[in-house]
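# here is my input; please provide its structure:
(2 chains, ligands or ions: 2)
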Amino acid sequence: MAQDAKFEAKGRKFDVVGSRPIRPDGIDKVTGRARFGADMTMPGQLYGKVLRSPHPHAMIKSIDVSAAEALPGVKAVITSKDLPDLSGGDQGMKDNLINTLARDRVLYDGHAVAAVAAISNSIALKALKLIKVTYEALPHVTDVDEAMKDGAPLVNGGAITSGMEPAPTKKSNIIARHQFGHGDIAKGFAEADIVVERSFTTEATHQGYIEPHACVASINADGFGDIWVSTQGHYNVRTTCSALLGLDSAKLRVTASEIGGGFGGKTVTNIEPLALALSRKSNRPVKMVMSREEVFRGTGPTASSSIWTKIGAKKDGRITAAHSIIKFQGGPFGGSLVDMGAMAAFACYDLPNVKTEGYDVLCNRPRLAAYRAPSAPMVTFATESVVQEICDRLGLDSASMRIMNAAKEGTKSSYGPTYGPIGIRATLEAAKNHPHYSAPIAPGKHRGRGMACGFWFNFGGNTSVSMGLNGDGTVALSYGNPDIGGTRASLSMMAAEELGIPYEKVRCVIADTATLGHNDITDGSRVTFAAGLATIEAARDAIKKMCARAAKTWGIAEDAVVWEKGHAKPAGSNAGKFEPLSLKQIVAASGNTGGPIAGHYEVFADGAGVSFGTHIADVEVDVETGKVTVLRYTVFQDAGKAIHPAYVEGQYQGGAAQGIGWALNEEYIYGKDGRLQNAGFLDYRIPVCSDLPMIEAVILEIPNPGHPYGVRGVGETPIVPPLGAMANAIAAATGVRMGSIPMSPPRLLKAIEEKA
Amino acid sequence: MSNIHVTTTVNGDVMEFLCEPDESLMDALRDRLSLTGVKEGCGSGDCGACSVTVDGRLVCSCLVLAAEAEGCKITTVEGLAKGDKLHPLQQKFLEHAALQCGICTPGFLVASKALLDRNPNPTEHEIRYWLAGNLCRCTGYDKIVRAVVDAAAELRRTA
Ligand code: FES
Ligand code: FES
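Numbers count the residues shown, from 1 in each chain, chains lettered A, B, ... in the order given. Ligands and ions are numbered 1, 2, ... in the order given. Predicted structure coming up:
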């Protein structure tokens, strides 16, 4: 990989990195002062609301907005006519436009059809009821296997499948096919002593962030605009909204609010272009806040899937071949990220012969958004279930069999690249040596233990950071990624470490789009890695400038000055000749030595460093009801270097909890009518406090060569193993191997009864 | 229908506002009194982000009508700290890193305080069931429960 040489902290003793200071935005967040998406108001603002389709698939024959427009207090009503198609052949932008506001047809239950701005929420809601839409229903399909059948209704007109040789002549719902692997699987299966093949399904889940989407937008007649928005990527909001509305990027300033969770679901735009279009039409600022029902029907979710997996092994457990066919329900536009699933499916293992095929399939469901390690949890559920079944049938130890097959440095991964130093083996060995693995399960009926591994790629990407130094010895650090779980703290720590000043002297702010160069979305576990790398380099840039000022003050050569513990010191033949100068002294005097001092750094950060984890779960199954109780849970994961270990643990615990929820309860339920039946937290049940035990988090540190301190992203991997770990624990407890997720009480009870 | 005039005591201050007859207490606190520490996660009583106490009783303010607050004493997250001194729960949430995004935090703090006001020495089990009406999607609850246990111990020490 390109940036292999960045890691340089071997044996370094850190002063700040690795400690657990209180986050700089902490007091605001425990006193209610932090301002999230819905907490902002603009002078004279209106309230915007969206009318959504009740049909999964229908032509829009007509929309009559006259009665709504006539309602006193209504200031603007928009339909697709108010958002002309400016996509100019960019299919992604066109899909975005269609999703923002339906044009000639609606593609899913919850698809936005029109929007209203009025002087109060209640008037806006009344106006929605006065909009008359005439629909002509079309046949629909919401299940991936159904959608792939011959004669299935074509969603959004269907597509000619990409990635097929030769290309099909007929349109279908299969929008794309992907393939990865190496070796000869037929030969590998022929060498196997045991071959296990199974089919699996997983249901769609929602990211389930507690804060609904919210924004306040304002455009003036001269085209200058502002949006305040809860998003994972305000630069992306700017790019998308300016393209959809035909605005100059520079005129649209986007400010990210505090963000109440995203997990991938706030990487795309939904209401933001509508708020801007309503503002443009009404000439007033417009605030929009989604209801929870709208969040479920109109945003997120992740793909549902249907997966077939086959693995062959020798008697000693050595895997000889692995093959998986992965079908993802991709919403009305495709983009299910099944390619990532096909890449991730066998990434934990060193396999001589491996093949994965992925199909991205159109369905009448909401446009998908990434969800934490998108695609990996589903494919890993299938892989880890089959791996465990092989272990069990051969009578092998679960950890030892996985260690025997684990990928290592130099392994050609199942998706192509050759691994550098990686942590899968270390996490498995840590698990095997941990008391949780060796301790007997607490006595009780129908209890079992399961284990599973997981992988995520991690991203880096476009990053821009700036650092202003102040005459009182403090530092203002600006970066361009919303702080979704403590990145202000971790970046402040890296700045303090590198500059040699106390953590409390750094003030970290999230800059708006008018202030810094482009920053990619907060996703792929990229911020602590990429913005961290840029922060360290920006600090070094500032240090270089401070050393030059000190050299000037002392009248010696620039390269005769070193930076140590927050001070410039004369070095070499000048060592000891001058009193060291502190950051504060140098900056306070900067007016006399050449003006203000600032550091900055812009980079496309590659070398993010892949991430692995292993989870162990103990469960108890109530065989009368099918309810599963998690008794004990431990996460082992490689962090590269944990900057703020408490927030690393928090990522491990939170990801595990989401995975447990997915495994046991969460699912989008569609009726035959194609409508979502459980669009609320009462019926879409995410784990609550009484559902879970303490979750032990074990941090391993195998430095990432692509980062000066060795940091790897940590946020995504923790959601990957739980589905398999829970399935394996349930199989151990009951003898029932579940092929479908969620393993909710009714489904598990049915499987237990069928076996009995 | 015309708006209703309400007089209520919020975090110790007497306050007045006008509200629509069907307006929730959550909306009135947020939009009329600018107490935006009261969060909306669902508007249907399922997430606990809007938790406040009304005359000492823990409620989802999205399920209470604003007009019902007439003559009541309401406490929101904004009323927990005394000047610059954080409530021990607030301090322990920070020390234990019991928040990631922080949207659920006001609701958890208000609910936890209502628990500790009744039961100064709750078990982990009691804490988990008391807080089962508050959703957190980020933390997996581990650090939240630890923070509440630690804050309870601190409060017992200083009581
Ligand atoms: S907003 Fe009141 S319970 Fe969710
Ligand atoms: S910290 Fe994000 S929901 Fe609890």
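
# helices along the stretch 1-150 of chain A, start to end?
Assigned by DSSP state H, counting those that start in this stretch, the stretch 1-150 of chain A shows helices spanning A:26-31, A:66-70, A:91-100, A:121-130, A:144-148.

# what's the last one packed up against?
Read it as helix A:144-148. Using 3 or more C-beta pairs under 8 Å, 6 or more residues apart in numbering or on different chains; DSSP states H and E, the elements in contact with helix A:144-148 are strand A:305-313, strand A:319-329, strand A:354-361. (C-beta placed from N, C-alpha, C; glycine too.)

# so who does the residue in chain B positioned nearest to chain A touch?
Chain A sits closest to residue B:37 of chain B, with a gap of 1.8 Å, by C-beta to the nearest C-beta. Taking C-beta atoms under 8 Å, 6 or more residues apart in numbering or on different chains, we find residue B:37 in contact with A:31, A:32, A:33, B:76, B:77, B:78, B:106.

# give me the buried subset of these.
A:31, A:32, B:76, B:77, B:78, B:106 (16 or more other C-beta atoms under 10 Å in any protein chain shown).

# out of the residues you listed, who's nearest ligand 1?
Closest approach to ligand 1 among these (C-beta to the nearest ligand atom): residue B:106, at 11.1 Å.

# show the pLDDT at residue A:3.
For residue A:3, the model assigns a pLDDT of 42.

# try residue A:72
What the model reports as pLDDT for residue A:72 is 98.

# against residue A:17, how distant is it?
60 Å (C-beta to C-beta, to the nearest Å).

# which of these two has more residues huddled nearby?
Neighbours per residue (other C-beta atoms under 10 Å in any protein chain shown) separate residue A:72 from residue A:17, with residue A:17 holding more: 24 against 7.

# the more buried one touches residue A:639, doesn't it?
No - the pair residue A:17 / residue A:639 is not scored as a contact, 11.7 Å apart, by C-beta atoms under 8 Å.

# if we can go back for a sec, any chance of the helices and strands packed on helix A:144-148 in JSON lines, with mean pLDDT, mean neighbour count and distance to ligand 1 too?
JSON lines is the format used below for the helices and strands packed on helix A:144-148 (pLDDT from 0 to 100; neighbours: other C-beta atoms under 10 Å in any protein chain shown; distance: least, C-beta to the nearest ligand atom, whole Å):
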{"stretch": "strand A:305-313", "mean pLDDT": "98", "mean neighbour count": "24", "distance to ligand 1": "30"}
{"stretch": "strand A:319-329", "mean pLDDT": "98", "mean neighbour count": "26", "distance to ligand 1": "29"}
{"stretch": "strand A:354-361", "mean pLDDT": "98", "mean neighbour count": "27", "distance to ligand 1": "34"}
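
# list the contacts for the residue nearest to the spatial centre of chain B?
For chain B, the residue nearest the mean C-alpha position is residue B:110 (2.9 Å; C-alpha atoms, centre = their mean). Applying C-beta under 8 Å, 6+ apart, one finds that residue B:110 lies in contact with B:51, B:52, B:53, B:58, B:75, B:76, B:77, B:80.

# same thing but 10 Å
Listed by C-beta atoms under 10 Å, 6 or more residues apart in numbering or on different chains, the contact partners of residue B:110 are A:32, B:37-38, B:48-53, B:58-59, B:61, B:75-77, B:79-80, B:89, B:134.
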